[in-house]
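Colleague: next comes the sequence, and after it the predicted model I'd like to discuss.
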Amino acid sequence: MRIPMAVITISRQFGAGGITLGEKLSKRLGYRCVHEGMIRQVAKKVKASSQQVRAFEKAGGTKLMKFLDKMVSRDFIDRLLSDKYGYVGEKDYIDVVRTLIHEVYEQGNAVIIGRGGQYILGGFDNTWHILLVADLANRIHFMMDTYNLTEVDAQKTIKRADQIRNSFLSVFLDKESHDDPLSYDLVINMDRVTMEKAIELVVNLTTP
């Protein structure tokens, strides 16, 4: 089996600048950036809308459905799961995302932002897994500057996003924390490193 060209996965604490890093890094290396387009591809394969796939990701898999199962009637759940409603099942989602990310890996020269790429491609040749972390205060400041949010809104957004990220990644690997440094090749503390320096660190790590 041939070894494909490099693939970089980026996981990040919300507000640490992972999307910005991924987009700038892909431009610097001339790599394909895999992020929002993945939602449309998943939606097409599971025969659901992009909005339904996004909602599934934000719900953290079928944990929401298990909660609903306790609260509402089985008839309602059955209707919700029907094709008519475009239900996104956890197993189907995982299978499709894994297949798509494997396809990206075979093509090579790509930066994958999120979607559990660090787990799906864990141990694969010529893949590099990056994690961005930052202090909460700096993450709030980043969100305020980047998205023009108030401090209160930025803090609420980060808190909710952290919960979503942990729940979502548990779909791929059920563990208490998804910031274990042993799951990554490089962990960058954005409190101490500029975006430009972070790009250089990843480039130096991933290119011959």
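Modeller: Received it, and whenever you're ready, just let me know what you need.
Colleague: going forward, measure contacts between C-alpha atoms and count neighbours the same way
Modeller: Fine.
Colleague: name the residue closest to the centre of this protein, please.
Modeller: Residue closest to the average C-alpha location in the chain (CA atoms, centre = their mean): residue 114, at 1.9 Å.
Colleague: ok, that one - contacts?
Modeller: By CA atoms under 8 Å, 6 or more residues apart in numbering, the contact set of residue 114 is 9-12, 35.
Colleague: pLDDT below threshold where in this protein?
Modeller: Scanning the chain for pLDDT under 70 picks out 1-4, 39, 46, 48, 56-90.
Colleague: so which residues of it form strands?
Modeller: Secondary structure of the chain (DSSP state E): strands at 7-12, 32-34, 110-113, 127-133, 186-189.
Colleague: so which of these gets nearest residue 157?
Modeller: Counting by CA to CA, residue 157 lies closest to strand 7-12 out of those; the figure is 14.7 Å.
Colleague: for that closest one, name the packing helices and strands.
Modeller: Judged by 3 or more CA pairs under 8 Å, 6 or more residues apart in numbering; DSSP states H and E, strand 7-12 is in contact with helix 18-29, strand 110-113, helix 117-120, strand 127-133.
Colleague: switch these over to TSV; also include mean neighbour count and distance to residue 47.
Modeller: As requested, those are exported to TSV (neighbours: other CA atoms under 10 Å; distance: least, CA to CA, whole Å):
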stretch	mean neighbour count	distance to residue 47
helix 18-29	18	27
strand 110-113	27	23
helix 117-120	21	22
strand 127-133	22	30
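Colleague: and residue 171, which of these is closest to it?
Modeller: Evaluated with CA to CA, these place helix 117-120 nearest to residue 171, the distance being 10.6 Å.
Colleague: by contact count, what packs against the closest one?
Modeller: Packed next to helix 117-120, using 3+ CA pairs under 8 Å, 6+ apart, are strand 7-12, helix 90-107.
Colleague: which of those sits most buried?
Modeller: Ranked by mean neighbour count under mean count of other CA atoms under 10 Å, the helices and strands packed on helix 117-120 are led by strand 7-12, which reaches a mean of 25.
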